[in-house]
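> Prediction below, plus the sequence it came from.
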Number of protein chains: 2
Amino acid sequence: MKMRIVVIGANAAGAKAASKAKRINPKADITLIDRGSFISYGACGIPYFVSDTVADVKALMSTPVGVVRDAHFFNKVKGVIVKTHTEVMSIDRDSRVVHLLESTTGVGFSLEYDRLILATGSSPYIPQISKVDLGNILSVKSIEDAELLKNCAISGDTACIVGGGLIGLETAEALQQKGMRVTVIEMRDQVLPGVLDPEMASLVEKHLRQKGVTVMTSCTVTGFKGSTTVEAVCIGDRELPAGLVVLAPGVTPNIGLARAAGLDIGTSGAIAVDARLCTNDPNIYACGDCCETTHLITGKKVHIPLGSTANKQGRVAGINAAGGEATFPGVLGTSILRVFSINAGKTGLTESEARANGFDVETVISPAHDKAHFFPGAKPIVLKLIADRKTGRLLGLQAVGEGAVDKRLDAAATAITFQATAEQLSQIDLAYAPPYSAAMDNLIVAADILKNKLSGHARGISPQEVKRKFDEDDDFILLDVRSPAEHGEIGIEGAKLIPLGMLREKLEELPRDKEIITFCKISLRGYEAQKILDAAGFENTKFMDGGILAWPYSLRGAL
Amino acid sequence: MKMRIVVIGANAAGAKAASKAKRINPKADITLIDRGSFISYGACGIPYFVSDTVADVKALMSTPVGVVRDAHFFNKVKGVIVKTHTEVMSIDRDSRVVHLLESTTGVGFSLEYDRLILATGSSPYIPQISKVDLGNILSVKSIEDAELLKNCAISGDTACIVGGGLIGLETAEALQQKGMRVTVIEMRDQVLPGVLDPEMASLVEKHLRQKGVTVMTSCTVTGFKGSTTVEAVCIGDRELPAGLVVLAPGVTPNIGLARAAGLDIGTSGAIAVDARLCTNDPNIYACGDCCETTHLITGKKVHIPLGSTANKQGRVAGINAAGGEATFPGVLGTSILRVFSINAGKTGLTESEARANGFDVETVISPAHDKAHFFPGAKPIVLKLIADRKTGRLLGLQAVGEGAVDKRLDAAATAITFQATAEQLSQIDLAYAPPYSAAMDNLIVAADILKNKLSGHARGISPQEVKRKFDEDDDFILLDVRSPAEHGEIGIEGAKLIPLGMLREKLEELPRDKEIITFCKISLRGYEAQKILDAAGFENTKFMDGGILAWPYSLRGAL
């Protein structure tokens, strides 16, 4: 008898699983079920549709050659039967039957399966606060959301985004491009928590503010005001007028069906699966946003829903359900976003995640151009590279800047997957020509500095720590070793200037009993200065990580 | 006593070695010798200076903050003594002395060393052919070359580039941008030999021709004509008028000094060194373009001079000479260039290199967009991924296209460094958001197709092989499974159309006794069609690798 495979959820993971299962087992009967009317769409593209960057919503649902991936397409091209507007009411695991309801007609029916694939996805988390049901309080998940949001985005009006994560910031930009005045409200003390460490997030916040977005951190939205549509956002006693609110505080996996069927739910709150993406029922697989996965560095179970992961997992679940053999090893939590003209992302662990997982970490902040500095269009990128002090093994990379950060993240993600050390990363034969990188790519430079730090040759101190020293009136010298011209243009209040080229001659200007912290634009000269002072017998010297480009606080002379 | 380190050659490798040695051993006396007047310049930037992309030649010799890296800079900032216009006449290894000649004054002198670092670089290979010494026959290596070339680039005049490698093509673009009519003459039967396999090189050649450059392959320049300056290039009996000739047939390592001193020269023709970059004299190191290195895949000694490698090696030689401990593991031969609006490069072995090294290879050609296809500015890139059939281990990646190929090369270089298999590459958690890639990055797609091929699920055939079948009147069916609209717009002469969505219904139109080769735009649908035919019992089916986007021959309907 033909194998019958039922796939619940027809977006990235489900659509991929169904198509792959059919290719592996062309004789199988494969049915793809979805409660919505649109299937297999690029949900990640929604902010770009809202901002009119993508003109036609159909583009999000089409193949690269412009064919709409609808039920007809899946039937004709993929050989998969699609049932939209169909809600799964329950799963009877003993009889291997799913009970369904056709939502437009109200007709119930059942489907027998040999293998079931759950790709039920995730839903925006809706905080249970006062008047959250008012009109114009929206989330960003479905095509319907996208169209609604676009209609509600009225130029000149005020929008509040609840949540400063990836989707929140992408939506902030989209609404601002539609002419709205946008405020981002984040509960945590920084934007992009879980993606960036605070000093890297500061660079993004600075950029958002420069672009006119109001960023409020450490603020918890407690409710909303309005009669039928939202009029204000409440933050305790404060009220912020808002004609449109986007809820983007995160997503939760859709596990109701799985839980009701008695399938195991993991510690992360998502459906538990093994490396073959099999649940505790050998006939049921799960993939995409609804299931958990393994973090490749910590080995812990995590729920990090992403379109890229969903596609990879869909392939694995489809192969296994169809009788093949495939595994999904896990993720590094790689994330990236573009917001206005800045790119920001991470792979692996942030410094705070690494510390929370018990690692003794060394870090480096390295700003540089993304191309040869003399090449037109070269733009700055700031990298933060994190390693385990004990083994030298890389734990994570964060990257923020107007330049190409994605390339560095991908190389680092690959290196971390193979448990590379800083030494190994520094020797990789990356592609070099002036339009693509400096002869020493910033990733190589960051790895080299990390090696210098791990070996004790270089001693860094974070901008945060320097700021704290100023705030606490510590007795130390912050030594600017840039040129007088650079120093004149922009600087850090309280710093003393001795250009690097003069340092060897002017050592007597510096006290030997005080801590001296050197810096320059990016801190290569700062490191050079530290080495000169070390050689001259100064005993308490450091350089400030990332130099003035990574200094997230106010600058003398800055706009 | 202070350690004395002498470094011969003050460009990328030498300058880096001297600076690093000083940081490692601040008490050492370090002298950096160069016969030229300019030091530490970005030779890779020369074509961009010629084309006026980089306006001021000083930019090539400056730090990212605009400080010129001259003798004064190295002395003041790096603590290194620099002697320019100084030729090394000989090395007396027994007494550890170098004999020098100050070329402007003619004064000879000597320097004792404890450690010597050779960073003598490479020189353009000058073919010993008739009248190669005529005026306006130039090469591209030094700042002086750059200025001369720029002065000779007269708009409307004709330039011939001898050599279709990286430097040749970059210079071709530069001269064309200066208004010259440019011909590239390459001895081998393709441009970029050693970088790209023929079908990938065809894509670059096509682009060059579209941009108005004449490309002549399989042509050997036998001499030149002219009285004082060049007037024509001779290719056997043919004469090509040319007012300017650029010799770019490759470079040779500068080993004269090393050979005269009795140092070992390796099989590649460059100075032999161990992993610490030490020559057979324990007091002499070599780094950069003058020395050979190890290919990380084949384990063979190779001479692949590149600015990125020179910098890494300079660091290692500097550390070791100064008493530290560092090694340079080797290279993957990663290369990249931008020519006009196309990017092209490779890492690891090409298919032909892999076969020549005895590997049984499987390959895949995968064209796709570099960003989400719906994202504005998404551009095509064609990847060719090569693996060892026996182990599934990746051997190389080539990438050509208007989109971001460098990112895919860097991730692949990293993966290959760690001996990744196609399976491992396909699972890497690369950074995904619509501005950066499709949810399935083309690199992941290519790895997935490679897995399908290695497991026997997918059977590909190269465009070359299909072309050969047409040329030899083979009895086969080339089946276009694109839409009628796509088929109408552009196509391959002789192909039969059955859109993928109709294929399951129109199987009776296809003979069961003939070979059927399917294709689409990029061959994902082609592969899908192969699977449909397989499932329907067709026994001789393949899909054409890379589809119409990778077809380098003439197309019906193409401009």
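In hand now; what should we look at? Numbers count the residues shown, from 1 in each chain, chains lettered A, B, ... in the order given.
> Where does the prediction get shaky in chain A?
Chain A contains residues with pLDDT under 70 at A:558-559.
> Break it into its domains for me.
Using automatic domain parsing, the domain parsing of chain A gives A:4-122+A:252-321, A:137-249, A:341-454, A:460-550.
> Of all these, which one comes closest to residue B:467?
domain A:4-122+A:252-321 (23.5 Å; CB to CB). Every residue, glycine included, has its C-beta placed from N, CA and C.
> what's the most buried one of the domains of chain A?
domain A:341-454 (a mean of 23; mean count of other CB atoms under 10 Å in any protein chain shown).
> near chain B at all, that domain?
Yes: on the criterion CB under 8 Å from any CB of the partner chain, domain A:341-454 is in touch with chain B at A:343, A:345, A:347, A:368-369, A:372-376, A:404, A:406-407, A:409-411, A:413-415, A:417-418, A:420, A:424, A:426-437, A:439-441, A:444, A:448.
> And stretch A:34-46, by the same measure?
Yes: shown here: stretch A:34-46 in contact with chain B (CB under 8 Å from any CB) through A:42, A:44, A:45.
> and the residues you listed as TSV, adding distance to residue B:212?
Below are the residues of stretch A:34-46 next to chain B laid out as TSV (distance: CB to CB, whole Å):
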residue	distance to residue B:212
A:42	38
A:44	40
A:45	37
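> Out of the domains of chain A, which is closest to residue B:383?
Using CB to CB, the nearest of the domains of chain A to residue B:383 is domain A:341-454, at 13.3 Å.
> Endpoints of that closest one, how far apart?
34 Å (CA to CA, to the nearest Å).
> Stretch A:382-399 now?
Span of stretch A:382-399 from end to end, CA to CA: 6 Å.
> and what of stretch A:88-100?
Taking CA to CA as the measure, stretch A:88-100 stretches 4 Å from start to finish.
> Quick one: residues in contact with that stretch.
A:6, A:8, A:33, A:35, A:83, A:86-87, A:101, A:108-114, A:116, A:257, A:260-262, A:281, A:283-284 (CB atoms under 8 Å, 6 or more residues apart in numbering or on different chains).
> and it, how far out from the chain's middle?
36 Å (CA atoms, centre = their mean, to the nearest Å).
> Same question for stretch A:171-184.
19 Å.
> CA-only coordinates of it in PDB, if you can.
Extracted C-alpha coordinates of stretch A:171-184, given in PDB (Å, rounded to 0.1, in the frame of the first residue of the first chain):
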ATOM      1  CA  THR A 171       9.000  46.900  11.600                       C
ATOM      2  CA  ALA A 172      10.200  50.200  13.200                       C
ATOM      3  CA  GLU A 173      12.100  51.000  10.000                       C
ATOM      4  CA  ALA A 174       9.200  49.900   7.800                       C
ATOM      5  CA  LEU A 175       6.700  52.200   9.500                       C
ATOM      6  CA  GLN A 176       9.100  55.100   9.600                       C
ATOM      7  CA  GLN A 177       9.600  54.700   5.900                       C
ATOM      8  CA  LYS A 178       5.800  55.000   5.600                       C
ATOM      9  CA  GLY A 179       6.100  58.400   7.200                       C
ATOM     10  CA  MET A 180       5.200  57.400  10.800                       C
ATOM     11  CA  ARG A 181       6.800  58.700  13.900                       C
ATOM     12  CA  VAL A 182       8.100  55.600  15.600                       C
ATOM     13  CA  THR A 183       8.900  54.700  19.200                       C
ATOM     14  CA  VAL A 184      10.400  51.300  20.100                       C
END
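> who touches that stretch?
By CB under 8 Å, 6+ apart, stretch A:171-184 touches A:47-48, A:50-53, A:140, A:149-150, A:153-161, A:163-164, A:168-169, A:191, A:208, A:211-216, A:240, A:242, A:244, A:246, A:248, A:339-340.
> and what of stretch A:36-46?
A:10-12, A:15, A:32, A:54, A:59-61, A:69-71, A:74, A:82, A:84-85, A:140-146, A:149, A:307, B:372, B:374-375, B:432-434, B:439.
> again, only this time at 6 Å
Residues from elsewhere that reach stretch A:36-46, judged by CB atoms under 6 Å, 6 or more residues apart in numbering or on different chains: A:10, A:15, A:54, A:60-61, A:69, A:84, A:140, A:143, A:146, A:307, B:374, B:434.
> Stretch A:390-401 too?
A:196, A:200, A:203, A:344-349, A:354, A:380-388, A:405, A:408-409, A:412, A:416, A:419-422, A:454.
> now for the strand or helix carrying residue A:486, which elements pack on it?
Take DSSP states H and E as the rule and residue A:486 turns out to sit in helix A:484-489. If contacts are counted by 3 or more CB pairs under 6 Å, 6 or more residues apart in numbering or on different chains; DSSP states H and E, helix A:484-489 sits against no helix or strand.
> what does it contact?
Helix A:484-489 has contacts (CB under 6 Å, 6+ apart) with A:480, A:497, A:557.
> and the gap between the residue nearest to the first one when sequence neighbours are not counted and chain B?
Meaning residue A:480. With sequence-adjacent residues excluded and distances taken as CB to CB, 6 or more residues apart in numbering or on different chains, residue A:480 is closest to residue A:495, at 4.3 Å. With distances taken as CB to the nearest CB, to the nearest Å, residue A:495 is found 16 Å from chain B.
> Touching, residue A:495 and residue A:477? I think so.
No: if you go by CB atoms under 6 Å, residue A:495 and residue A:477 don't touch, sitting 8.5 Å apart.
> Need the nearest residue in space to residue A:437, chain neighbours excluded.
residue A:371 (6.2 Å).
> That neighbour sits in which helix or strand?
Residue A:371 belongs to no helix or strand, assigned by DSSP H and E.
> pretty sure it contacts residue A:378?
Yes: at 4.0 Å, residue A:371 counts as touching residue A:378 under the criterion of CB under 6 Å.
> Enumerate the beta-bridge partners assigned to residue A:556.
Residue A:556 has these beta-bridge partners by DSSP bridges: residue A:491.
> Report how many residues lie close to it.
Residues near residue A:556, counting by other CB atoms under 10 Å in any protein chain shown, number 13.
> Just confirm residue A:474 is within a strand.
No: membership of residue A:474 in a strand is not supported by DSSP: H, G, I helix; E, B strand; the rest coil, which gives coil.
> Got the phi and psi for it?
Main-chain dihedrals, residue A:474, degrees, to the nearest 10: phi -60, psi 150.
> any idea how far the residue nearest to residue A:167 when sequence neighbours are not counted lies from chain B?
Leaving aside its chain neighbours, residue A:167 sits nearest to residue A:248 (4.6 Å; criterion: CB to CB, 6+ apart). Using CB to the nearest CB, we find residue A:248 at a distance of 15 Å from chain B.
> which ones are touching residue A:248?
A:161, A:163, A:167, A:168.
> Identify the farthest-apart pair in those residues.
Maximum pairwise distance among these (CB to CB): 8.9 Å, between A:161 and A:167.
> Between its first and last residues, what's the separation in stretch A:417-429?
17 Å.
> got JSON lines for the contacts of stretch A:36-46, with secondary structure too?
Converted to JSON lines, the contacts of stretch A:36-46 look like this (three-state DSSP):
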{"residue": "A:10", "secondary structure": "coil"}
{"residue": "A:15", "secondary structure": "helix"}
{"residue": "A:54", "secondary structure": "coil"}
{"residue": "A:60", "secondary structure": "helix"}
{"residue": "A:61", "secondary structure": "helix"}
{"residue": "A:69", "secondary structure": "coil"}
{"residue": "A:84", "secondary structure": "coil"}
{"residue": "A:140", "secondary structure": "coil"}
{"residue": "A:143", "secondary structure": "helix"}
{"residue": "A:146", "secondary structure": "helix"}
{"residue": "A:307", "secondary structure": "helix"}
{"residue": "B:374", "secondary structure": "coil"}
{"residue": "B:434", "secondary structure": "coil"}
